[in-house]
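A.B. asks: Let's see this in three dimensions:
(4 chains)
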There are 4 protein chains.
Amino acid sequence: MIPRYARDEMVSIWEPANKFVIWRNIEVFACEAMAKEGIIPQSSADIIAQKAPQQFSPEDIVKIDKIEAVTKHDVIAFLTHLASFIGDDARFVHQGMTSSDVLDTCLSVQLTQAADLLLNDIDKLLETLKKRAFETKDMPCMGRSHGIHAEPVTMGLKFARFYAEFERNRQRLLAAREDIATCAISGAVGTFANTPPSVEEYVAQKLGLKPEPISTQVIPRDRHAQFFATLGIIASSIENIATEIRHLQRTEVLEAEEFFSKGQKGSSAMPHKRNPVLSENLTGLARIVRSAVTPALENVALWHERDISHSSVERMIAPDATITLDFALNRLIILVDKLVVYPENMIKNMNQLSGLVFSQRILLALTQEGISREDAYRLVQRNAMKVWEEGKDFLSELKQDADVTASISPDTLEKLFDIQYHTKHVDTIFKRVFTS
Amino acid sequence: MIPRYARDEMVSIWEPANKFVIWRNIEVFACEAMAKEGIIPQSSADIIAQKAPQQFSPEDIVKIDKIEAVTKHDVIAFLTHLASFIGDDARFVHQGMTSSDVLDTCLSVQLTQAADLLLNDIDKLLETLKKRAFETKDMPCMGRSHGIHAEPVTMGLKFARFYAEFERNRQRLLAAREDIATCAISGAVGTFANTPPSVEEYVAQKLGLKPEPISTQVIPRDRHAQFFATLGIIASSIENIATEIRHLQRTEVLEAEEFFSKGQKGSSAMPHKRNPVLSENLTGLARIVRSAVTPALENVALWHERDISHSSVERMIAPDATITLDFALNRLIILVDKLVVYPENMIKNMNQLSGLVFSQRILLALTQEGISREDAYRLVQRNAMKVWEEGKDFLSELKQDADVTASISPDTLEKLFDIQYHTKHVDTIFKRVFTS
Amino acid sequence: MIPRYARDEMVSIWEPANKFVIWRNIEVFACEAMAKEGIIPQSSADIIAQKAPQQFSPEDIVKIDKIEAVTKHDVIAFLTHLASFIGDDARFVHQGMTSSDVLDTCLSVQLTQAADLLLNDIDKLLETLKKRAFETKDMPCMGRSHGIHAEPVTMGLKFARFYAEFERNRQRLLAAREDIATCAISGAVGTFANTPPSVEEYVAQKLGLKPEPISTQVIPRDRHAQFFATLGIIASSIENIATEIRHLQRTEVLEAEEFFSKGQKGSSAMPHKRNPVLSENLTGLARIVRSAVTPALENVALWHERDISHSSVERMIAPDATITLDFALNRLIILVDKLVVYPENMIKNMNQLSGLVFSQRILLALTQEGISREDAYRLVQRNAMKVWEEGKDFLSELKQDADVTASISPDTLEKLFDIQYHTKHVDTIFKRVFTS
Amino acid sequence: MIPRYARDEMVSIWEPANKFVIWRNIEVFACEAMAKEGIIPQSSADIIAQKAPQQFSPEDIVKIDKIEAVTKHDVIAFLTHLASFIGDDARFVHQGMTSSDVLDTCLSVQLTQAADLLLNDIDKLLETLKKRAFETKDMPCMGRSHGIHAEPVTMGLKFARFYAEFERNRQRLLAAREDIATCAISGAVGTFANTPPSVEEYVAQKLGLKPEPISTQVIPRDRHAQFFATLGIIASSIENIATEIRHLQRTEVLEAEEFFSKGQKGSSAMPHKRNPVLSENLTGLARIVRSAVTPALENVALWHERDISHSSVERMIAPDATITLDFALNRLIILVDKLVVYPENMIKNMNQLSGLVFSQRILLALTQEGISREDAYRLVQRNAMKVWEEGKDFLSELKQDADVTASISPDTLEKLFDIQYHTKHVDTIFKRVFTS
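C.D. replies: Numbering: from 1, shown residues only, chains lettered A, B, ... in the order given. Model prediction:
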């Protein structure tokens, strides 16, 4: 994580202040549950809940860090600090629990908080994509495969397919959030030796999590792998939109352009330049988010009831991947929202191939008239090649080709050169995408 | 894919014979739908359905390959071959469709076929894990964190957690299967210019797929990324089990061992050796399956309405990842099924630390007696260190420590050294895992 | 590996026939060395060398496979087969050696054979790039950053930088080849317990390898990681060239085009299309080669004196990555060699921005005339924006801007609009690149 | 990067203060060179060199950040700040240069600085490994393949092979450092349009870099890919050592142990525990460093003369990977230096298999006596299996096997059970490793 690519809201999830509040809640809820079970006195649980601070100031955090420097153990340092508020009854705090009960459940809470932010980002992105899709629903635009002109689409279809892709990503993230939202208070090796399952169930319910059906010392890491893999897929979808915009903004294409504010300098050397820097930046950020996937997969196979190799990985990728993705989504929302589109350039580009984009329609029409597919293909290609190689106009060439006009009259040929033919199902597609 | 790590059933999904049957079905169903829509004559659709071969022999495949060598286009080669059976009406086949309509929908069918096989594998694995879990439910065994003895668990708990992990993987694969099971017959750029959406809907329904709500020339690749990421997670879970077995089979641990058949030679040099070669092999195969994840993520961002860079990637990773994972799952099923367990070694290992594994229970008991957590920790640790460094017996040391016996009588101490204390919730955990 | 993306020469390196010849050589050379050391009789070594077959027919391979099916051990199967030719003296073959002595040294030989083929490929590619670079050395062409027109370059500079990049790749591959070219005949755990280091040294020398200074049961896997990482870098450079070509072939750019043979069909639906399918294919193949890097890195950390997890990985990635890269390099050579360039389109595109590409030169000229950088930037940008937004001509605008002409006369302005200004150091650059 | 896993020295390389000093030097050296070429007045170059600050205080950095917030361009912000010191002559600063000339050359300087630190780390690690290797050169220890006892080695051999591995890593890093140490002052598209190659050559020489033979707007990214791939290999080697230590510290093995300081608490719950947490942490950190490799490879293929997608990636992975690797190497140095070894446990473990580790030697001795390899194997295995399955003593069993004693007398058998046999070449190996 670097401040350049971070938003406060997501950053704060990963800050000590938030972490310690979650730790405190886990410990306090566990005490409440243990009091209910008669494991510790109710009065002690009450005192603990009362005296345990609800917030942790920068000074608190410094104090905890100092204790950790001695004990080399973060949870013990925290408990020692907590004890300074609670007094004697502090001996009941964390009783029978293991550090991972706190650490892993905390990570679940943080990841669900992060997921909620990301879901909110995606919702905003969906809204923006939908808005732009309907604005440009009928704006004709060249469809390209292999970077080569194919047949007309509309600009709205581009936004609509990104919408559909992010709607899927939303479902994936919801599933990943549910997968990660578990709580484990099951002790050193997951046997509930010192705290009964009911404690776990109580804490889980209070935190909005589900109890982990079976844990070891830790929550199983396939859940986290699923989470980070999902972020990697979302990042790739961001790259997908970014790549589209970068292409549309190319000098030779210029069908869309990132919004360029007045004071902005595109290049220290070339004052005329307006570069798609946001999209390029998103392309890079996608690589960063994706880079969390492999280490998360490597974290799954831990030794026996746990080894701690996953911990340093998660200390880095959990903030990095969520903060970077949150930043990227927000940058993308603005980018899409303000994207300038140039419908006249779209038309200009579409006309560049002198009608070749209608080649398939002619091919089909010839077939309909009883010409074999092979012959029709040859007829169309020989005229198409004249356009391609000699810059001729496709319609004129076809009209002059006796083999073509033997089957299709020049008048009919003209009617076949029609963009509406290609966009007639746009409304149906929009209905599919936006009514679900 | 190499034959060494491949099973016929999965391999055949990716063979030309299966691919061509799927292509044939797509084309025939599309003709049926087009006839219904009045786009092509019903009689032609009937002839096509009748004459298009239902199977493709090795000779057919050679013929198609030869045509492709000339046209450099696989679908055109196939259609040309098909036309040789159908005759004149062949001109209606593939009409208005684009190659990707066939290729991408076929890939969806193949991936769902592969998913079905893998789901079947997982079901068998779950069954086997469940069987072994109940067989060993109450078999005490050392629980280890960081590779160091922690507290007792049971062998059954190990199998049970792998069961739970694969139950989650099953859900993930079901979701990935659903995600990938879409059909696109939407033309060169996804606009249904030449074939109405109803054709897509008909073909989808016949193939057991859902229509892709919005496609370009291709089905969006975030779906495939999700699929391969899921395979990567499953592979990591396989590595997780394999790692456990490799550890348990270590010479110094030997709590479990891969089944070793009579004729087998462990080492060309050292005849005494019995190596956990299957588990080690699975560890390697997991790396292979995982290696498909990154290219699948890189495939998501295609240029405009498609570029074909994803194609070569999928031609390789789709068979490789599914065949390798299918092989690995089946190897794992046998491995788990036949795994030899050594309960007496488990007990022997557990006693190695002379009672240290009960340290936490003593710690808690001291706390319960009113000693502060800090003091209790110090008391326990000073006795534990004597066991660790001087090989003393933990219980004896505690009994001789006046500060300990001031709070807990020697008799009570003895009762605290009890494995049952650690395994009392095993039934509850099993209920959680196996009743859902 | 799939036949579609494979060349026979590289494939044959990985076929059993080649592998068994190498195994045979290792065993025979080891016997020679052991005879010299007096460990086995010289007469036996002579007989072994004479009777061990020099080639292995398909029938031999079937026989060896059958034995392996029983012994489940490939080297033992091979030795058993070898013994059937050698007779009694076969008992001296492989004496004191461990399977990995054969397997790992064989892999070194295969990887150096593969490296030699790849080096040969790179040499041909370099030659082709050099030829095209000199052919197009002075062909003016727009230079683009961010996909936006920047300043002129020449087409030759593009080829020249790819040349320089592959010259570096050549050095990297040479280094990786040297790194992997080691031989280990050091026994079960690398201690030379049964065969002295001199045997290893002899075999190494005969095979053109260096002795591994210290091995365990295996040659250390950091060497292989280095090898596959190098292939991954080369693949990324292939993608770099492919991406350039794909961009140049875009319909709107069309400054270069993959050679399109007469019979070829670009699209089953759109007969006019000429797609950069080779470059797109190379982009995908690069992803595949790169996907070998992570598993190769994961293979480095083996347990103790070896675990066999790396083996299945290498059985797949060693052929896959080398065969795919060899295929890709050869495809790239043809692609570059036959690439059609369109100099007139390059000029046409360059003129599209109506002179804006000279903006920096004007900026500098204004600075030279004593105007502050900030003011000069503002002057240039305000005229540039008129070109950008209103389609004006840059030179004309500048001539009409009194603040500009106050410093630079219209005549001088005209002279500053000069492509030669940008290409004057091309020869120097070529000298740097091609004289080293 | 997180402070927990960072050392100041490496962190400071990536801090703004260092970056701005490098930027300043590049600009000042470029002015010196341009003055020599007569492009700018010598007096201006002198003033620039004098007035440009040599250090940048936190206040300077805040000022630069504020300017960047407006211009959205970091180099322009820096130049504006610089101009405030230099005055009028500032208009000659950066003249004819492009931002990337500064940014990319600066990155080269930072990466070589980072490489130097890492090389220094590796030197210390090599020294430490060498020291431990010689200390434990003749300390017998079980060699294990597949986690199973194989034949004896010495502890010193383990350290020696790690030494050899890091000696190779040192060579790789030296090569990567040389690869990355280039300077580009070649303008907007690498044509030296406004600054002659001599300026680049001068700046390169002053900075200890080589001129980039051919650049575009940027230095080609295959160089950076090579750099990060090298870090990934080194990280994997760290994991290799860490994995060995984690295994040796397992409760059942306990042949080595991380140094455990007095105040340290192993577990909040289990006071007896001493966990190999440093090694486990290094295992995780290795995953993090490796995760930079794939994005660095994805950065190679930029669009045309550059796109900026690599930039955000490098802003994150360059500090992250170098800081984490530097931290990991330093942690490893201490870990290796202080590692506690338990030779008596090594002997105890070695005796666990009751002599089975000598099985191969017996096999060879039988072969030497004229018994066929197959028969010898069977003889050894049948006795080995009794040890394995019934806990018998291998030597006793062999002595009682008439088929064995027919060839080898009981006395000779006894002499074959000799650890020295396995360690006799240790000195030779050490000579190979440490004399090069």
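
A.B. asks: okay, now the domains of chain A?
C.D. replies: Domain ranges of chain A: A:1-95, A:99-187+A:210-259+A:274-351, A:356-416, per automatic domain parsing.

A.B. asks: out of those, nearest to B:A184?
C.D. replies: Ranking the domains of chain A by their distance to B:A184 (criterion: Cβ to Cβ) puts domain A:99-187+A:210-259+A:274-351 first, at 11.6 Å. Just so you know, the C-beta spots here come from the backbone N, C-alpha and C atoms, and that holds for glycine as well.

A.B. asks: can you tell if that closest one touches chain C?
C.D. replies: Yes: applying Cβ under 8 Å from any Cβ of the partner chain, one finds domain A:99-187+A:210-259+A:274-351 touching chain C at A:142, A:144-151, A:246-247, A:249-253, A:274-277, A:280, A:294, A:298, A:349.

A.B. asks: Check which residues of stretch A:111-122 are buried.
C.D. replies: Neighbour-count burial for stretch A:111-122, counted by 16 or more other Cβ atoms under 10 Å in any protein chain shown, picks out A:111-115, A:117-118, A:121-122.

A.B. asks: A:K124 - how many residues pack around it?
C.D. replies: Using other Cβ atoms under 10 Å in any protein chain shown, A:K124 has 17 neighbouring residues.

A.B. asks: Go ahead and confirm it touches A:I333.
C.D. replies: Yes: using Cβ atoms under 8 Å, A:K124 is in contact with A:I333, at 5.2 Å.

A.B. asks: Quick one: name the residues of the stretch 101-250 of chain A near chain D.
C.D. replies: Residues of the stretch 101-250 of chain A lying close to chain D (Cβ under 8 Å from any Cβ) are A:187-188, A:246.

A.B. asks: Which of the residues you listed fall within helices?
C.D. replies: Of the positions in these, A:R246 sit in helices, assigned by DSSP state H.

A.B. asks: C:T128: which of the residues of the stretch 101-250 of chain A next to chain D is nearest?
C.D. replies: Of all these, A:R246 has the smallest distance to C:T128: 29.6 Å, by Cβ to Cβ.

A.B. asks: got a list of what that closest one touches?
C.D. replies: The contact partners of A:R246, taken as Cβ atoms under 8 Å, 6 or more residues apart in numbering or on different chains, are A:276, A:279-280, A:283, C:146-147, D:303, D:307.

A.B. asks: Keep those, but drop any that are not near chain B.
C.D. replies: By Cβ under 8 Å from any Cβ, the members of the contacts of A:R246 lying near chain B are A:T283.

A.B. asks: so where is the stretch 251-400 of chain A shaky, pLDDT-wise?
C.D. replies: Applying pLDDT under 70 to the stretch 251-400 of chain A flags residues A:262-272.

A.B. asks: Just the strands from it, written as ranges.
C.D. replies: With strands called from DSSP state E, counting those that start in this stretch, the stretch 251-400 of chain A shows them at A:256-257, A:340-341.

A.B. asks: Make a markdown table out of these and add distance to C:S43 and mean neighbour count.
C.D. replies: A markdown table is the format used below for these (distance: least, Cβ to Cβ, whole Å; neighbours: other Cβ atoms under 10 Å in any protein chain shown):
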| stretch | distance to C:S43 | mean neighbour count |
| --- | --- | --- |
| strand A:256-257 | 82 | 22 |
| strand A:340-341 | 87 | 16 |
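
A.B. asks: For D:K415, which of the ones you listed is the nearest?
C.D. replies: When the strands of the stretch 251-400 of chain A are compared by Cβ to Cβ, strand A:256-257 sits nearest D:K415, at 84.8 Å.

A.B. asks: The closest one - contacts with which helices or strands?
C.D. replies: If you count contacts as 3 or more Cβ pairs under 8 Å, 6 or more residues apart in numbering or on different chains; DSSP states H and E, strand A:256-257 packs onto helix A:222-249, strand A:340-341.

A.B. asks: Please work out the average pLDDT along the longest one.
C.D. replies: Per-residue pLDDT values over helix A:222-249 give a mean of 98.

A.B. asks: Could you list the buried residues of that helix?
C.D. replies: By 16+ other Cβ under 10 Å, the buried positions in helix A:222-249 come out as A:222-249.

A.B. asks: So what's the gap between it and the chain middle?
C.D. replies: Remark: helix A:222-249 is offset 6 Å from the chain centroid, using Cα atoms, centre = their mean, to the nearest Å.

A.B. asks: now swap in the shortest one and tell me
C.D. replies: Centroid separation between strand A:340-341 and its chain, computed with Cα atoms, centre = their mean, is 24 Å.

A.B. asks: which bits of the stretch 51-200 of chain A sit near chain B?
C.D. replies: Within reach of chain B by Cβ under 8 Å from any Cβ, the stretch 51-200 of chain A has these residues: A:79-80, A:83, A:88, A:90-92, A:94-96, A:143-147, A:150-153, A:157, A:160-161, A:164-165, A:168-169, A:172, A:175, A:179, A:187-194, A:196-197.

A.B. asks: From D:V426, how far off is the residue nearest to A:K338 when sequence neighbours are not counted?
C.D. replies: Closest residue to A:K338 apart from its sequence neighbours, by Cβ to Cβ, 6 or more residues apart in numbering or on different chains: A:F259 at 3.7 Å. Taking Cβ to Cβ, to the nearest Å as the measure, A:F259 falls 70 Å from D:V426.

A.B. asks: The two: which is more packed in?
C.D. replies: Neighbours of A:F259 and D:V426, each counted by other Cβ under 10 Å, are more numerous for D:V426; the result is 18 against 13.

A.B. asks: who's in contact with A:H310?
C.D. replies: Counting by Cβ under 8 Å, 6+ apart, A:H310 touches A:218, A:221, A:224, A:299, A:302, D:284.

A.B. asks: with these in mind, which one is nearest to chain B?
C.D. replies: Using Cβ to the nearest Cβ, A:L302 comes nearest to chain B of those, at 7.2 Å.

A.B. asks: Could I get the contacting residues of that closest one?
C.D. replies: A:216, A:218, A:221, A:309-310, B:240, B:243.

A.B. asks: Can you tell me which of those residues comes closest to chain C?
C.D. replies: Nearest to chain C among these: B:T243, at 9.6 Å, using Cβ to the nearest Cβ.

A.B. asks: and after the longest helix belonging to chain A, which helix or strand comes next?
C.D. replies: For chain A, the helix with the greatest residue count under DSSP H is helix A:99-135. In the C-terminal direction, the helix or strand that comes right after helix A:99-135 (DSSP states H and E) is strand A:140-145.

A.B. asks: Give the partner strands of that next one in its sheet and their orientations.
C.D. replies: Sheet pairing of strand A:140-145 (DSSP bridges) gives strand A:148-154 (antiparallel).
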